[in-house]
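Q: Okay, sequence plus prediction incoming.
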Amino acid sequence: MISLATLSLLVGASLGLCFRVHVLVPAIMLALVVVAGAGIAAEARLWRIALDVLVVTMCLQVGYIVGSVFKVRRAVLREGQRAGFDNPPSGDEPVKCF
């Protein structure tokens, strides 16, 4: 289950770096089908399949948030470098993300 959670976190982070939030719905549906199919093929009990689906869904979402935060942070640092600032913003002033 740890490898499943780690893989889901990494996939969610890569989705957060590249796409908007609407991509999570098909990704979660695909993960639901794959995890449920693997659980049925392995003849796992229903509670185990449900737990795996829950873990994958949560890890995809957490990974997506981490990836999105990293993307915004990277954009803020790039914008600061383009403007000629040597130091990143201090965080006191609000940052326009979009």
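A: Thanks, I have it.
Q: how about low-confidence regions in the chain?
A: 82-98 (pLDDT under 70).
Q: Recalculate using a threshold of 80.
A: Where the chain drops to pLDDT under 80, the residues are 1, 78-98.
Q: contacting residues for the residue most central in space within it?
A: With distances taken as Cα atoms, centre = their mean, the residue of the chain nearest its centroid is Y64 (1.9 Å). Residues in contact with Y64 (Cβ atoms under 8 Å, 6 or more residues apart in numbering) are 12-13, 15-16, 21, 24. In short, each C-beta sits where N, CA and C put it, glycine included.
Q: Now the two most distant members of those residues.
A: A13 and V21 (13.7 Å; Cβ to Cβ).
Q: Among the contacts of Y64, name the ones in helices.
A: 12-13, 15-16, 24 (DSSP state H).
Q: Redo those as JSON lines? Include distance to E79.
A: Formatted as JSON lines, the ones in helices among the contacts of Y64 follow (distance: Cβ to Cβ, whole Å):
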{"residue": "G12", "distance to E79": "25"}
{"residue": "A13", "distance to E79": "22"}
{"residue": "L15", "distance to E79": "23"}
{"residue": "G16", "distance to E79": "19"}
{"residue": "L24", "distance to E79": "26"}
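Q: Thanks again, I'm all set now.
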